[in-house]
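In: got a sequence here, can you model it:
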Amino acid sequence: METSPPSSGAPNPLSQDRRAVLIALSVISALSWGYTVYLSRNMDCAAMCQLHFKHRLWTPAEFWMMFVMWVVMMVAMMVPSAVPMILAFAAINRKRREQNRSFVPTGFFLLGYLIVWAVFSALATVLQGWLHSVSLLSSEMVLVNPALNGSLLIAAGLFQWTPFKNACLVHCRSPFDFIMTSWREGPVGALAMGLQHGTFCLGCCSLLMLLLFVGGVMNIFWIALLTLFVLLEKIAPAGQRVSRIGGIALILWGIFLLVRTRL
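Out: Numbering: from 1, shown residues only. Below is the predicted model of the structure:
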């Protein structure tokens, strides 16, 4: 006796999981972008705050305020480019559950990824505080030294051509390879995988994130441009080419700033 094939109208659990993960990531990204846009539109207040605690050490409350700003901004900028990796984790996790193997909520993987960028945010906040204390950062959170801007742009551009950058980028562009070769069991294992992926992502993008000091930490256009560039180099078919072309553009921009300072 032949068994009838499953109804084509039956919901696909894998598709449902994928949709749920995408909705959750979309909500996280939208909220983060909303808060970032809100801060950028209230730059007058932010500038007054920067002038208020310039030339002295920040209080814990002021440090916390800037740290939260960095964390939310990193979530807004980095979560979109991590979507393919997070979806790959969720898909393989779902198949394991269907095989009656251990299942871990995808949130543990995402948490590990975000912890890495929270650590970066703390370091960026410390750096920002130091730049203010030595008067190298304006009230609009932009580096005021053209030579420093040019040097940072050139360094970031050259980094785009290094083997280290390429290795990190290849990892970010190969989600299933990473998930299959680095799988660890249980919530702690998922958290460790998220930390590992976040570390690769940090190695790939940290210098690009420091360019926020060049274009303005709260310049929403510059934030969006960097986010788009990171997204393209990670998910576009010619992403590695985009990465290197972007590196050339950064080098030329940096050289232009250095030459202009000598004229």
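In: from here on, contacts and neighbour counts on C-alpha atoms
Out: Will do.
In: shaky segments in the stretch 51-200 of the chain?
Out: Under the criterion pLDDT under 70, the flagged ranges of the stretch 51-200 of the chain are 51-56, 97-102.
In: let's see 80
Out: Applying pLDDT under 80 to the predicted model, the residue ranges of the stretch 51-200 of the chain that meet it are 51-59, 94-103, 139-140.
In: where do the helices of it begin and end?
Out: Counting by DSSP state H, counting those that start in this stretch, the stretch 51-200 of the chain has helices at residues 60-98, 106-133, 146-159, 163-172, 175-181, 186-210.
In: what does the fifth one rub up against?
Out: In this structure, residues lying in contact with helix 175-181 by Cα atoms under 8 Å, 6 or more residues apart in numbering are Pro84, Met85, Ala88, Phe89, Ile92, His171.
In: then the fourth one?
Out: In this structure, residues lying in contact with helix 163-172 by Cα under 8 Å, 6+ apart are 82, 85, 159-160, 178, 197, 200-201, 203-204, 233-234, 240.
In: which positions within it qualify as buried?
Out: Along helix 163-172, these residues count as buried under the neighbour rule (16 or more other Cα atoms under 10 Å): Lys165, Asn166, Cys168, Leu169, Val170, His171, Cys172.
In: from Phe256, how far out is the third one?
Out: Yep, that's Cys168 we're talking about. Here the criterion is Cα to Cα, to the nearest Å. By it, Cys168 lies 29 Å from Phe256.
In: list the residues that contact Ile255.
Out: Residues near Ile255 by Cα under 8 Å, 6+ apart: Gly150, Ile154.
In: spell out for me which residue occupies the centre of this protein.
Out: Met78 (2.4 Å; Cα atoms, centre = their mean).
In: which non-adjacent residue is nearest that one?
Out: Of all residues beyond its chain neighbours, the one nearest Met78 is Thr227 (7.2 Å), with distances taken as Cα to Cα, 6 or more residues apart in numbering.
In: pLDDT value on the one you found, please?
Out: Thr227 carries a pLDDT score of 96 in this model.
In: following the host helix or strand of it, which helix or strand comes up?
Out: Following DSSP states H and E, one finds Thr227 within helix 220-235. Counting by DSSP H and E, the element after helix 220-235 in chain order, helix or strand, is helix 239-262.
In: what's the angle between that following helix and helix 163-172?
Out: Angle between the axes of helix 239-262 and helix 163-172 is 140 degrees (criterion: axes from the mean of the first three to the mean of the last three Cα atoms, to 10 degrees).
In: now do helix 239-262: distance to the chain's middle.
Out: Counting by Cα atoms, centre = their mean, to the nearest Å, helix 239-262 is centred 21 Å from the centre of its parent chain.
In: so the residue nearest to Met78 sits right up against Val75, yeah?
Out: No - in this structure, Thr227 sits apart from Val75 without contact. The criterion is Cα atoms under 8 Å, and the distance is 10.6 Å.
In: number of residues surrounding Ala20?
Out: For Ala20, the neighbour count with other Cα atoms under 10 Å is 12.
In: swap in Val27?
Out: Around Val27 there are 12 other residues, counting by other Cα under 10 Å.
In: model confidence for it, exactly?
Out: We have a pLDDT of 94 for Val27.
In: need the contact list for the closest residue to Met193 other than its chain neighbours.
Out: In space, not counting the residues next to it along the chain, Met193 is nearest to Phe109; the distance is 6.3 Å by Cα to Cα, 6+ apart. Residues counted as contacts of Phe109 (Cα under 8 Å, 6+ apart) are Ile86, Phe89, Ala190, Leu191, Ala192, Met193, Gly194, Leu195.
In: show me what contacts the second one?
Out: Right, Phe89. When contacts are counted by Cα under 8 Å, 6+ apart, Phe89 touches Thr106, Phe109, Phe176, Ile179.
In: rebuild those as TSV, extending it with distance to Met69.
Out: What follows is these, written out as TSV (distance: Cα to Cα, whole Å):
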residue	distance to Met69
Thr106	25
Phe109	23
Phe176	32
Ile179	31
